[in-house]
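Asker: predicted model and sequence below, questions to follow.
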Amino acid sequence: MTVAPPATPLRLTIDGEALAHNWQTLDALSGAAKAGAAVKADAYGLGARRVAPLLARAGCADFFVAHWAEAADLVDLIDPRRIAVLHGPLTDADVAFAKATGVRPVLNSLDQARRWREAGGGLCDVMVDTGMNRLGLAAGDLGQLAGLEVDVLHSHLASGDEDSALNALQLQRWQASRGTLPHRRAALANSAGIALGAAYHGDLTRPGLALYGGIARAELADVIRPVVQPQVALLQVRQVAAGDTIGYNATFTAPGPMRLGTVALGYADGYLRCWSGQGMLRTGDGGELPVLGRVSMDLTIVDLTHVPHLTEGDWLNVDYDLPRAAAQTGLSQYELLTGLGNRFARAG
């Protein structure tokens with residue numbers, strides 16, 4: 001007899017309607033350009049195989065991943081010709097996969113361009129560095145790519161989430177590069193870049209964070225909806241007396257009799273120690289359950305003193321509003337999303 005595996009006490013509820021709304025909003029804000037979607041890092045931790053089809057149904061036709069293995073995980077769900085691999089072809093095996101499937105490499109160096117050309121070329125993207133000094137060809141090297149069949153000429157903003165003079169400088173350099181290398185489409189703006197205005201949009205935008213509920217710039221705060229809600233089961237309830245200490249290193253001492261709950265959540269799940277003594281879980285009706293003491297690997301303790309009806313097995317919501325959580329913890333919104341571990345069952 002085959003026994004189904006038990007359910008996990010961690011779940012991540014994903015609001016598919018909010019995800020679709022966010023893409024459609026960003027597509028509209030992209031003006032004459034079309035919005036694609038960054039689904040790298042397993043769709044920022046939500047699960048790329050779940051997210052990519054939802055985005056496709058919402059109207060998205062261009063998808064961006066970082067690694068070739070991420071592309072391989074999606075080719076049975078998404079037209080491979082609509083997938084671009086941002087890190088480019090590091091090996092001949094990468095080139096062979098691209099040629100066999102139609103997935104587009106994003107060429108970041110002359111060596112990658114040589115590797116692609118020697119394999120016969122074909123449709124590809126190119127990344128030009130305009131001031132981030134991360135990935136991408138120098139503008140002066142673009143002339144050596146003559147003859148390549150370039151779909152998208154990319155660059156990437158280093159400070160799109162800030163009002164920085166570097167944004168205008170990168171825009172100027174990107175526009176100049178568009179006159180150097182023939183291409184079908186051009187892309188510069190990430191989520192933050194979309195909010196900088198039409199000059200940054202080109203033909204294609206590459207939103208990521210904002211798709212998943214992150215607020216990349218203040219201009220997006222009123223139009224982007226939350227997408228993820230972490231939830232956790234209550235494992236144990238106990239009473240403690242005044243003077244009892246709680247958790248590792250006894251960082252919290254009960255000021256009086258208290259009712260505590262231990263939940264199946266810890267830093268191994270992406271709920272890091274920076275939440276110690278300041279995180280908040282909530283009941284279904286919004287009641288506040290402060291985190292007490294130090295977050296440990298698999299467990300976190302919360303105050304149940306004022307919610308006597310809660311018992312073992314009940315589900316609680318983790319307060320995980322992305323911009324507020326980032327300000328509270330010092331983590332970026334990207335870290336908050338991508339850090340949510342694989343012990344969370346993705347649902348919704």
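Answerer: Cool, got the structure.
Asker: so what's M132 closest to, chain neighbours aside?
Answerer: In this structure, M132 finds its nearest non-sequential neighbour in A158, 4.1 Å apart by C-beta to C-beta, 6 or more residues apart in numbering. C-beta here means a position set from N, CA and C on the backbone, and glycine is covered the same way.
Asker: host element of that neighbour?
Answerer: With secondary structure defined by DSSP states H and E, A158 is part of neither a helix nor a strand.
Asker: how near is it to A189?
Answerer: A158 sits 13 Å away from A189, going by C-beta to C-beta, to the nearest Å.
Asker: the two: who's more crowded?
Answerer: A189 (30 against 18; other C-beta atoms under 10 Å).
Asker: wouldn't that one be in contact with S30 here?
Answerer: Yes: using C-beta atoms under 8 Å, A189 is in contact with S30, at 7.5 Å.
Asker: list residues touching both of these two?
Answerer: Taking C-beta atoms under 8 Å, 6 or more residues apart in numbering as the criterion, A189 and S30 both touch H201, T205.
Asker: quick one: contacts for the most centrally placed residue in the chain?
Answerer: Centroid-nearest residue in the chain, with C-alpha atoms, centre = their mean: Y44, separated by 2.6 Å. Y44 is in contact with A38, G208, L209, L211, Y212, Y334, L337, T338, counting by C-beta under 8 Å, 6+ apart.
Asker: do the same with P255
Answerer: A242 are the contacts of P255 under C-beta under 8 Å, 6+ apart.
Asker: what do you get for L234?
Answerer: G261, T262, V263, L310, T311, E312, G313, D314, W315, L316.
Asker: try it again at 6 Å.
Answerer: L234 makes contact with G261, V263, E312, D314 under the criterion C-beta atoms under 6 Å, 6 or more residues apart in numbering.
Asker: what of R259?
Answerer: So R259 contacts Q239, L304, T305 (C-beta under 6 Å, 6+ apart).
Asker: any chance of the residues you listed in TSV, plus distance to V232, secondary structure and neighbour count?
Answerer: Formatted as TSV, the contacts of R259 follow (distance: C-beta to C-beta, whole Å; DSSP: H, G, I helix; E, B strand; the rest coil; neighbours: other C-beta atoms under 10 Å):
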residue	distance to V232	secondary structure	neighbour count
Q239	21	strand	12
L304	13	coil	26
T305	19	coil	17
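Asker: between those residues, which is nearest A4?
Answerer: When those are compared for distance to A4 (C-beta to C-beta), L304 comes out closest, at 30.8 Å.
Asker: now H67: closest residue in space, sequence neighbours ignored.
Answerer: Per C-beta to C-beta, 6+ apart, closest to H67 is H87, 6.2 Å.
Asker: I'd say the one you found and V65 touch.
Answerer: No: H87 lies out of contact with V65 (C-beta atoms under 6 Å); the separation is 8.7 Å.
Asker: neighbour-wise, which of the two wins?
Answerer: Using other C-beta under 10 Å as the criterion, H87 and V65 rank with V65 on top: 26 against 18.
Asker: wait, doesn't that one sit right on A38?
Answerer: No: if you go by C-beta under 6 Å, V65 and A38 don't touch, sitting 8.0 Å apart.
Asker: coming back round to it: out of the contacts of L234, who's the most crowded?
Answerer: V263 (26 neighbours).
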